[in-house]
Each structure stands twice: as C-alpha cells, then as structure tokens.
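Engineer: Would you be able to build a 3D model of this:
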Amino acid sequence: MSARPDAAVLCLNSGSSSVKVALLLPDGAGSRAAPGERSGAPRAADVTVESIGSEHGRARARGTAGPGAIEQSVGRVDHQAAIEIALDLVSRVADRTPEVVAHRVVHGGLRYTAPARVDDALVRSLEEMVPLAPLHLPASVAGIRATLRRWPDLPQVACFDTAFHATLPEVARRLPLPDSVLGEEVRRYGFHGLSYAHVMWVLGPTPPPRIVIAHLGSGSSLVAVKDGRAIDTTMGFTPTGGIPMGTRTGDLDPGVLFYLARNRRLSIDELERICEREGGLQAIGGTPDMRELLARAPRDPDAAAAIATYVYAIRKAVGAFAAALGGLDLLVFTGGIGEHAPAVRLEACRELGHLGVEIDLDQNRLGVRTISRPGSACEVLVIAADEESAMARDARASARA
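Structural biologist: Numbering: from 1, shown residues only. Sure, this is the predicted structure:
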C-alpha cells in the first residue's frame with residue numbers, strides 16, 4: 001500500500017483523557033502563510049472528545065462539509081467508545097475521506113526512532129512497551145486497532161514523540177544510576193518531539209545553529225537544538241520530568257519521594273498520582289490553567305507564586321541550554337501558553353539579556369511571529385504548535401516508501 005503526495009491524512013492523537021482527530025490536506029492547499037514563510041497544512045476536519053471516563057464527556061467537531069460546528073455531550077465513555085465517536089464525527093464534517101492514517105504515539109522506546117508503518121508486529125511492540133508510558137500507550141494502541149478495523153486497506157503510520165530526541169548524545173541521555181539497574185531502556189527519552197519537528201520545519205532548511213525551543217502548555221518542556229539536531233531536553237525518562245507543568249511536578253529531589261514514602265506512608269501509586277495529577281501549577285496556585293492564574297495573580301499571592309515558579313524554571317532551562325550550545329542564536333515559544341501568554345514570555349525572557357535576548361514589548365503583546373527587538377543578538381519567535389502537520393508529512397513520506 002502506498003499513498004500519493006497529495007493524500008488526505010487522518011491524524012489521530014489518543015491521549016490519557018481525550019481523543020483528537022484531524023483530517024489534513026496537503027501543505028500549501030489553502031495556506032495563509034506570509035510570503036517566504038511556512039505554515040501548517042489546511043484541515044478538512046477537527047474533532048475532539050474530552051473528559052473521557054467522566055460523566056461530563058463532550059465532543060466538538062468542525063469541518064469543510066456537513067452541519068458546520070458540532071458540540072455535544074457524550075456522557076461517560078471509555079477510550080474505545082470515544083475513538084469511535086471521534087471517527088464518526090470526522091465523516092460527518094469533512095468533505096474528503098482519509099487516504100492515510102497517522103497515529104501520534106508518545107513513546108517509541110529504543111526501537112522506534114523514526115516514523116514506522118503500522119503492522120501486527122508494531123502493535124505487539126507497543127503493547128510490550130506499556131510500562132514505559134502506562135497512561136498513554138494503551139490509548140494509542142486502542143486508536144490503532146480502531147482505525148485498522150475501520151480502514152483495513154489504508155496505509156497507517158505511527159509517529160513517535162520520542163523520535164526527535166534520538167540524536168541526544170550519551171552525556172545527555174545517560175542517567176546516573178548503575179548499569180545493573182538501568183538496563184538499556186532506562187534513559188532520557190524526551191517528549192513533545194512532533195511539536196519540535198514542526199517548529200524546525202517552519203524554520204526551513206537553513207535554521208540558525210544554536211536554538212532553544214520552549215513548548216509551553218499543560219505539559220511543558222524545552223529542547224536544545226544544535227546544527228539541526230537535538231542535544232538536550234528537559235523531560236527525561238517520562239513526561240513528568242523537567243520544568244513544573246499544569247499538574248506535573250517536573251524534576252524533584254528523589255529524597256522527597258523517599259521521605260514521603262517512609263514518613264507519610266504514601267504508596268507508589270499515591271506518589272505517582274501526586275507527581276502527575278496534583279503537582280506543578282495546580283499544587284502552588286490551585287489550578288493548572290495559566291489563563292486563570294494570570295487573571296488572579298494581581299490579587300492572589302498563590303497564583304503569582306505559581307507563575308513565578310514556572311517562568312523561573314523556563315529561564316533556568318534556557319540558560320543551561322545556552323551553556324550546552326555554546327551560545328544562543330534563536331529562542332522559540334510554541335504550545336498553548338507559549339503562543340497565547342505574552343506575560344509568561346516576557347517574564348521567561350527577563351534576565352536573559354546576557355544571552356542577547358531583548359523583547360519588543362509591543363510585538364510581544366501582539367503575539368506576532370518575531371517578538372525580539374530589531375538587531376538583537378538572539379532572535380525570539382512565536383510559532384504556532386501543529387503536531388498534526390508534522391504527523392501528516394511523516395505519514396505521507398512513510399506511506400510512499
């Protein structure tokens with residue numbers, strides 16, 4: 001099975017509590033990019049089913065055909081039912097049918113460092129790797145099985161978030177534990193790779209040599225890119241590490257967990273829940289929503305403290321990566337917070353003047369592409385996240401191979 005270069009690609013992102021599906025047309029069809037700039041692919045459909053497992057489950061859909069925008073309650077559904085609802089909605093709102101299917105897979109382990117065609121062996125491998133990402137990989141497998149049942153004759157491709165970081169040098173990926181404990185699979189993997197790949201595609205074939213990209217959203221991470229290759233990243237063995245996030249703690253002194261286990265009698269499952277669901281901005285500011293924190297910050301010390309902790313961690317990561325890169329030519333903000341929170345961008349860049357970072361206040365407030373001052377030694381850009389476009393490009397290429 002192969003695909004045409006202009007094939008419509010169905011991109012499926014099965015998360016731990018939501019399912020997102022987009023039907024993408026070829027890059028450039030209907031593009032609104034400015035001359036000389038690259039933009040993501042146009043969409044025939046966008047569908048989201050969220051709050052899976054909750055009685056408040058909802059579905060939203062919009063596309064180029066059918067009844068226009070749809071929003072409806074779906075009640076308490078499991079992942080399998082949510083995926084089927086999402087795929088049904090695509091057929092209602094899109095005026096094209098899929099010719100290739102691309103799956104976002106959070107973890108590829110050691111085996112998958114590039115997009116891979118979906119077959120029985122790949123599905124079995126993902127099932128074996130569930131311990132590496134127990135919250136995400138079961139949902140990915142469910143999505144793959146659903147689309148294989150619905151479109152058994154279409155080429156399908158798995159796109160891995162960890163693949164972008166396959167170039168990490170040993171000094172960045174090695175964890176300081178004995179080999180007898182580590183084995184081969186316990187190492188720094190890095191995540192948000194599809195988002196980073198899209199940013200690099202937008203920058204074009206000749207990007208600056210020393211780049212830091214900050215993907216800031218409910219999950220947040222940064223990556224250092226030297227001469228087009230990832231050399232370090234904040235997330236590690238799991239997406240829980242790195243800087244504090246919406247509900248994830250980010251990096252912790254392991255002694256904190258030892259102390260809580262011994263003295264508070266917390267189980268491994270309880271510690272995992274706290275670190276992944278109750279930490280980060282939620283723990284300090286009472287909510288993982290940056291918009292709410294920014295609104296409350298002028299009168300709420302806890303909200304202000306949450307924001308300060310977040311931007312301080314970003315600033316430290318930029319400085320550390322600049323040291324690893326030997327300087328900084330370009331800083332990019334992407335992700336929901338990175339794109340839409342000028343106050344966060346401004347504070348994250350504060351005290352980075354020694355790296356050549358100078359923010360134009362008006363440009364930053366407007367959220368245009370370039371927010372650095374003209375002539376700054378380090379350019380600062382805002383680039384919209386578009387993991388689906390990265391998936392579609394990879395899927396077309398893999399399906400034609």
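
Engineer: What's opposite the closest residue to residue 94 other than its chain neighbours in the beta bridge?
Structural biologist: Take residue 94 and drop its neighbours on the chain: the residue closest to it by Cβ to Cβ, 6 or more residues apart in numbering is residue 45, 3.8 Å away. From N, CA and C alone the C-beta is placed, and that goes for glycine too. With DSSP bridges as the criterion, residue 45 is bridged to residue 23, residue 63.

Engineer: Can you name the residues that contact residue 45?
Structural biologist: 21-23, 61-64, 89-90, 93-94 (Cβ atoms under 8 Å, 6 or more residues apart in numbering).

Engineer: Then residue 352?
Structural biologist: Applying Cβ under 8 Å, 6+ apart, the residues near residue 352 are 315, 318-319, 331, 378.

Engineer: can you check residue 291 too?
Structural biologist: Residue 291 touches residue 341, counting by Cβ under 8 Å, 6+ apart.

Engineer: now the strands for the stretch 101-250 of the chain?
Structural biologist: 116-117, 156-160, 210-215, 221-226, 229-233 (DSSP state E, counting those that start in this stretch).

Engineer: quick one: which of these is nearest residue 101?
Structural biologist: Smallest distance to residue 101 across these (Cβ to Cβ): 4.3 Å, for strand 156-160.

Engineer: in that closest one, what's buried?
Structural biologist: Applying a neighbour-count criterion of 16 or more other Cβ atoms under 10 Å, the buried positions in strand 156-160 are 156-160.

Engineer: hmm, who's touching it?
Structural biologist: Contacts for strand 156-160 (Cβ under 8 Å, 6+ apart): 100-108, 112-118, 122, 126, 140, 144, 147-148, 193-194, 390-391, 394-395, 398-399.

Engineer: Just the buried ones out of those residues, please.
Structural biologist: Neighbour-count burial within the contacts of strand 156-160 applies to 100-108, 112, 115-116, 118, 122, 126, 140, 144, 147-148, 193-194, 390-391, 394-395, 398-399; the criterion is 16+ other Cβ under 10 Å.

Engineer: so when I look at residue 59, I'm seeing a helix, right?
Structural biologist: No - per DSSP: H, G, I helix; E, B strand; the rest coil, residue 59 lies outside any helix segment and is strand.

Engineer: confidence score at it?
Structural biologist: At residue 59, the pLDDT value in this model is 95.

Engineer: How much space separates the residue located most distally from the centre of the chain from residue 324?
Structural biologist: Centroid-distance maximum for the chain: residue 263 at 35.4 Å, with Cα atoms, centre = their mean. Distance of residue 263 to residue 324, computed by Cβ to Cβ, to the nearest Å: 37 Å.

Engineer: can you put the buried residues of strand 156-160 in a markdown table and add distance to residue 269 and pLDDT?
Structural biologist: Output for those, formatted as a markdown table (distance: Cβ to Cβ, whole Å; pLDDT from 0 to 100):
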| residue | distance to residue 269 | pLDDT |
| --- | --- | --- |
| 156 | 34 | 97 |
| 157 | 34 | 97 |
| 158 | 29 | 97 |
| 159 | 30 | 98 |
| 160 | 27 | 97 |
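
Engineer: Dump the strands of the stretch 101-250 of the chain to a markdown table, plus distance to residue 76.
Structural biologist: What follows is those, written out as a markdown table (distance: least, Cβ to Cβ, whole Å):
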| stretch | distance to residue 76 |
| --- | --- |
| strand 116-117 | 34 |
| strand 156-160 | 29 |
| strand 210-215 | 31 |
| strand 221-226 | 32 |
| strand 229-233 | 36 |
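
Engineer: Residue 14 is nearest to which of those?
Structural biologist: Among the strands of the stretch 101-250 of the chain, strand 156-160 sits nearest to residue 14 (Cβ to Cβ), with 11.6 Å.

Engineer: Give the pairing partners of that closest one; include direction for each.
Structural biologist: Strand 156-160 has these strand partners (DSSP bridges): strand 100-105 (parallel), strand 116-117 (antiparallel).

Engineer: so how far is it off the chain centroid?
Structural biologist: Relative to its parent chain, strand 156-160 has a centroid offset of 15 Å by Cα atoms, centre = their mean, to the nearest Å.

Engineer: pLDDT wise, what is residue 398 at?
Structural biologist: 88.

Engineer: my guess is it contacts residue 115, does it?
Structural biologist: Yes - counting by Cβ atoms under 8 Å, residue 398 touches residue 115, with 4.6 Å between them.

Engineer: Next, the buried residues of the lengthiest helix in the chain.
Structural biologist: Counting by DSSP state H, the longest helix found in the chain is helix 301-325. Going by neighbour count (16+ other Cβ under 10 Å), the buried part of helix 301-325 is 303-304, 306-307, 309-315, 317-318, 321-322, 325.

Engineer: Repeat that for stretch 131-146.
Structural biologist: Buried, per 16+ other Cβ under 10 Å, within stretch 131-146: 132-133, 135-144, 146.

Engineer: Now that stretch - C-alpha only, CSV.
Structural biologist: Listed next in CSV are the C-alpha coordinates belonging to stretch 131-146 (Å, rounded to 0.1, in the frame of the first residue of the first chain):
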residue,chain,number,x,y,z
PRO,A,131,5.3,0.1,31.3
LEU,A,132,7.3,2.9,29.7
ALA,A,133,4.2,5.1,29.3
PRO,A,134,1.2,3.4,31.1
LEU,A,135,-1.0,6.4,30.8
HIS,A,136,-0.6,6.9,27.1
LEU,A,137,0.4,3.8,25.2
PRO,A,138,-2.8,1.8,25.9
ALA,A,139,-4.8,4.7,24.4
SER,A,140,-2.5,4.8,21.3
VAL,A,141,-3.0,1.0,20.8
ALA,A,142,-6.7,1.4,21.1
GLY,A,143,-6.7,4.1,18.4
ILE,A,144,-4.6,2.0,16.1
ARG,A,145,-6.8,-1.0,16.4
ALA,A,146,-10.0,1.1,15.8
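
Engineer: hang on, the earlier thing: quick check: next helix or strand after the longest helix of the chain?
Structural biologist: strand 330-334 (DSSP states H and E).
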